[in-house]
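**Student:** Build me a model from this:
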Amino acid sequence: MRRSSNAAFTIFLKGTERATPPENLSSGEAELISLGIEVLSFAYACRSDQYSATDNWLLLDEPDSHLHPDLQRRFTELLVSAFEGIAARAIIVTHSTCIVSSLIDQPNARVAHVTREDANIELREVSDSLKAILPVFGAHPLSQVFNQSPPLIVEGEDDERIWQTVVRSSQGRVRLFPCVAGTLAKMTEYETTSNDVMSSIYDNAKCFSLRDGDDGPYEIEDLGQVTRFRLNCRNAENLLVSDCVLASLKTNWDALQAKIELWINSNEGHVRYGNMVAFRDGGWDRKFHQLKEIRLVLVDLAGSNKPWEVIVGRAIASLSADSPANEHSLKDYLGEKLVREVLGLV
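**Tutor:** Next up is the predicted model:
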């Protein structure tokens with residue numbers, strides 16, 4: 001597009017000298033050109049003597065309308081470039097997480113998640129949790145994952161690998177997008193951020209969050225549109241010694257327990273010897289004992305050379321309505337609420 005001496009614009013096909021009339025443009029192209037002209041005209045006015053020393057505001061209402069996500073990103077690049085060196089600010093009202101994602105790295109960016117009931121709007125600095133959560137909600141120009149797969153916020157990378165395996169191994173039955181918070185302390189922040197995004201943008205959206213059982217109660221309240229779970233066992237590692245996972249390895253708890261006894265009798269110098277003895281002397285509480293330090297030894301004794309996260313993830317993916325739900329079953333360790341809401345089983 002070029003501007004002529006009489007202030008009119010001529011549109012050329014990309015990479016050519018061939019002009020094209022405005023009526024040949026798509027709705028997205030026409031919208032982008034119109035927005036671009038408005039932004040450039042505003043920036044030009046801000047540089048004039050009349051407005052250069054004032055605080056100027058550009059108000060944009062849903063500039064994403066009719067724009068492909070990639071054009072949305074390119075529009076934000078134009079906006080940022082046009083605002084360089086001028087006394088101006090922009091307020092953008094949008095439903096597009098792509099627009100938000102394209103601007104959140106700007107040092108002066110502020111975000112407010114607005115619902116219909118909000119009487120007051122508070123613009124906040126961009127948090128690390130918002131930057132981490134936005135790609136889950138389709139913020140990447142090529143990502144529409146949120147429309148198909150609800151986010152599952154998990155504490156650590158081992159949990160992420162388990163649920164990635166579940167998704168891959170379920171042949172489309174389980175659809176999730178695992179998102180790592182990193183620490184238990186950040187779980188609530190990620191949940192709150194997800195709820196803010198969903199409440200202001202999506203109707204009937206779903207998001208899941210899964211904590212370890214640790215020493216807390218199994219029950220946990222949902223947070224807005226975020227359905228929250230705790231494992232009905234101490235940690236994800238305890239899933240490894242549930243009856244269903246052991247059965248997938250062609251063994252059972254009695255056989256594994258006997259192998260652990262033999263291992264203890266012949267591995268006194270092993271770095272994990274004390275942890276294994278503590279497991280035995282603690283009454284073999286495979287549901288709530290801390291197994292993190294001995295998980296790899298347990299996998300080896302169970303006769304597998306696969307990563308423990310893959311073993312557990314495949315077992316979860318293979319669960320069905322007919323799978324046992326008795327004590328020490330995988331359903332029991334996962335918890336009834338997760339089995340029902342995430343896996344769709346009863």
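**Student:** How confident was the prediction at Asn6?
**Tutor:** At Asn6, the model reports a pLDDT of 55.
**Student:** Same check on Asp55?
**Tutor:** pLDDT, Asp55: 87.
**Student:** List the residues that contact it.
**Tutor:** By C-beta atoms under 8 Å, 6 or more residues apart in numbering, the contact set of Asp55 is 87-89. For the C-beta atoms, the positions are set from N, CA and C on the backbone; glycine is no exception.
**Student:** Tyr51: what secondary structure?
**Tutor:** coil (DSSP: H, G, I helix; E, B strand; the rest coil).
**Student:** So what does it look like in phi/psi?
**Tutor:** phi -120, psi 0 (degrees, to the nearest 10).
**Student:** Please identify the buried residues of the longest helix along the chain?
**Tutor:** Determined from DSSP state H, the single longest helix within the chain is helix 27-46. For helix 27-46, a neighbour-count test (16 or more other C-beta atoms under 10 Å) marks 29, 31-32, 35-36, 39, 42-43, 46 as buried.
**Student:** on contacts alone, who are the packing partners of the helix or strand harbouring Ile311?
**Tutor:** Ile311 belongs to helix 308-317 when elements are defined using DSSP states H and E. On a contact count with 3 or more C-beta pairs under 8 Å, 6 or more residues apart in numbering; DSSP states H and E, helix 308-317 meets helix 157-169, helix 243-248, helix 295-301, helix 330-334.
**Student:** got the buried residues for the third one?
**Tutor:** It refers to helix 295-301. 295, 297-299, 301.
**Student:** Nearest to Ile104 among those?
**Tutor:** Closest to Ile104 out of those is Arg295 (37.4 Å), distances taken as C-beta to C-beta.
**Student:** and Ile133, what is it in contact with?
**Tutor:** Counting by C-beta under 8 Å, 6+ apart, Ile133 touches 151, 179, 190, 193-194, 197.
**Student:** In strands, which of these appear?
**Tutor:** If you go by DSSP state E, the contacts of Ile133 have 151, 179 in strands.
**Student:** ok, so of the contacts of Ile133, who is nearest Ala258?
**Tutor:** Closest to Ala258, out of all of the contacts of Ile133 and judged by C-beta to C-beta, is Cys179, at 40.0 Å.
**Student:** Correct me if wrong: the closest one contacts Glu155.
**Tutor:** No: using C-beta atoms under 8 Å, Cys179 is not in contact with Glu155; the gap is 10.7 Å.
**Student:** that older thread, select from the contacts of Asp55 the one having the most neighbours.
**Tutor:** When these are compared by neighbour count (other C-beta atoms under 10 Å), Ala88 ends up highest, at 20 neighbours.
**Student:** related to what we said a few turns ago, contacting residues around the longest helix of the chain?
**Tutor:** By C-beta under 8 Å, 6+ apart, helix 27-46 touches 1, 9, 11, 22, 25, 51-52, 56, 58, 60, 63, 65-68, 71, 74-75, 78-79, 82-83, 86-88.
**Student:** Just the C-alpha atoms of whichever helix or strand comes after it, please, in PDB.
**Tutor:** Following helix 27-46 in sequence order, the next helix or strand is strand 56-61 (DSSP H and E). This file holds the C-alpha atoms of strand 56-61, laid out as PDB (Å, rounded to 0.1, in the frame of the first residue of the first chain):
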ATOM      1  CA  ASN A  56      -3.100  11.100  23.900                       C
ATOM      2  CA  TRP A  57      -5.300   8.000  24.000                       C
ATOM      3  CA  LEU A  58      -6.300   5.600  21.200                       C
ATOM      4  CA  LEU A  59      -9.400   3.500  22.000                       C
ATOM      5  CA  LEU A  60      -9.800   0.300  20.000                       C
ATOM      6  CA  ASP A  61     -12.900  -1.900  20.400                       C
END
